[in-house]
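Chemist: How does the following fold in three dimensions:
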Amino acid sequence: EGAKALAGALRLNKRLKLLVMHDNLITQRGAKALALSLAKNETLQVMHLCENFIGASGAEAIAKAIKKNAAIKKLHIASNELTSNGIKALARVLAKGGSITELNLSHNRLEDEGAKHLGQMLASTTCMSNLLLRRAKFHWEGAAALAQGIAVNKSLEYLDLSYNRLQSEGLHRLVSALEMNFTLKRLNVKQRESPGMILGDLEKMMAKYLQRNINMDILEMKLALLMGTHEKLGEESHLRSALKSYKGIADLRPFRHVWQFVWDQQKTFE
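Modeler: All right, here's what the predicted structure looks like:
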C-alpha cells in the first residue's frame, strides 16, 4: 500500500531525481505500481529498490517503464529474488536502446540463463557503463556468455563479477574477451577457491591480461593475490610481476577494502 501511495505522488512529481527505497518489503504488486508511475515521470534519474521482493513480474513491469522513460539512468535492484525470467525482459529492453548507464543485479539468482540474456544485451547496448553482478549465482557457462558480449561492447567501464562460480574455464573466456575490449577500466573478480577454480589460474590469467591491456585503472582481487603472498601461489607471483611493470593501475583494492594501494608513477609497486 505504501508503494502504491508513493507511486501516485511520483506520477505528479516534477522535481525528484533520486529515489531510494532499500529494504521496504516492496512486493511485485508494489513494483508494478511504481513502474506505471515511472513510465510517466520525466525527471527521476536514479532508482534504488534493493533488498525488496519485486520478483520476475516486478522486474518485467520496470522493464516496460524504462522502455518509455528516457530520463532514468541508474537502476539498482539487487537482492530482489530475481531469476532469469525477470532478467530476460529487462535485458531485451536495454539491448534495443534505453537510457540505463548503471545496472545493479547483485545478490539475485540469475544463474547461467540470466547471464546469457545479459551477454546478449552487452553485445547490443551502447550506453551501459556500469554492470554489477556480485553473487549472481552463475557458473562458467554464464561467464562465457557474458564474455561474448564484453568482447564487442564499446561502452562498459566497470564490471563486478565477484563471488560467482566462474571456475577456471569461465575466467579464461573472460580474459580472452577482455583482450578485445578497450573501454573497461575497473574490474572486480574476487573469488573463493572452489573445485573448478584454482586461485593460481586466476592469478596467472589476470597477469597475462594486464601485460596486454592499456586501459585498466582499478583491479579488485584478494589481497594475498595482489601482493603475491597467497600460500598456494608458491614463490613465483605472475600477477605481482605484471603489476611491477604495468603503469595503468591507479588503485588496487584488496579483500574487504581494508587497505588501499595507490599507484605512484614515480615508484614501483610496493
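Chemist: use CA for all of it now, contacts and neighbours both
Modeler: OK.
Chemist: Could you pull out the helices in the protein for me?
Modeler: Along the chain, the segments classed as helices by DSSP state H run 2-12, 28-38, 55-68, 84-95, 111-124, 140-152, 167-178, 199-212, 223-227, 238-245.
Chemist: got a list of what the residue nearest to Ser84 when sequence neighbours are not counted touches?
Modeler: Leaving aside its sequence neighbours, Ser84 sits nearest to Gly114 (Cα to Cα, 6 or more residues apart in numbering; 4.1 Å). For Gly114, the contacting residues are 83-85, 87-88, 142, by Cα atoms under 8 Å, 6 or more residues apart in numbering.
Chemist: quick one: Ser79 and Leu110, what's the gap?
Modeler: 11 Å (Cα to Cα, to the nearest Å).
Chemist: Same question for Lys208.
Modeler: Lys208 is 29 Å from Leu110, by Cα to Cα.
Chemist: Those two: which has the busier surroundings?
Modeler: Legend: neighbour count by other Cα atoms under 10 Å for Lys208 and Leu110, higher for Leu110 (27 against 17).
Chemist: Backbone dihedrals for that one, please?
Modeler: For Leu110, the backbone dihedrals (degrees, to the nearest 10) come out as phi -70, psi -40.
Chemist: Isn't it up against Arg135?
Modeler: No: using Cα atoms under 8 Å, Leu110 is not in contact with Arg135; the gap is 9.2 Å.
Chemist: mind showing which ranges of the stretch 151-270 of the chain have poor pLDDT?
Modeler: 193-199, 212-214, 221-237, 244, 246-270 (pLDDT under 70).
Chemist: let's see it at 80
Modeler: 191-270 (pLDDT under 80).
Chemist: roughly how far apart are Trp149 and Ser176?
Modeler: Quick fix: residue 149 reads Gly, not Trp. Gly149 is 12 Å from Ser176, by Cα to Cα.
Chemist: do Lys204 as well
Modeler: From Lys204 over to Ser176 (counting by Cα to Cα), the distance is 13 Å.
Chemist: swap in Ser99?
Modeler: Look at Ser99 and Ser176: by Cα to Cα, they are 28 Å apart.
Chemist: More neighbours: which of those two?
Modeler: With neighbours defined as other Cα under 10 Å, Ser99 and Ser176 compare such that Ser99 has more, 21 against 18.
Chemist: Quick check: the more buried one vs Lys67, distance?
Modeler: Counting by Cα to Cα, the gap from Ser99 to Lys67 is 9 Å.
Chemist: do Gln211 as well
Modeler: 40 Å.
Chemist: Compare those two (neighbour count), which wins?
Modeler: Set side by side, Gln211 and Lys67 show more neighbours around Lys67, with 18 against 14, by other Cα under 10 Å.
Chemist: right, and Met128 touches Thr101 too?
Modeler: Yes: when contacts are counted by Cα under 8 Å, Met128 is listed as touching Thr101 (4.1 Å).
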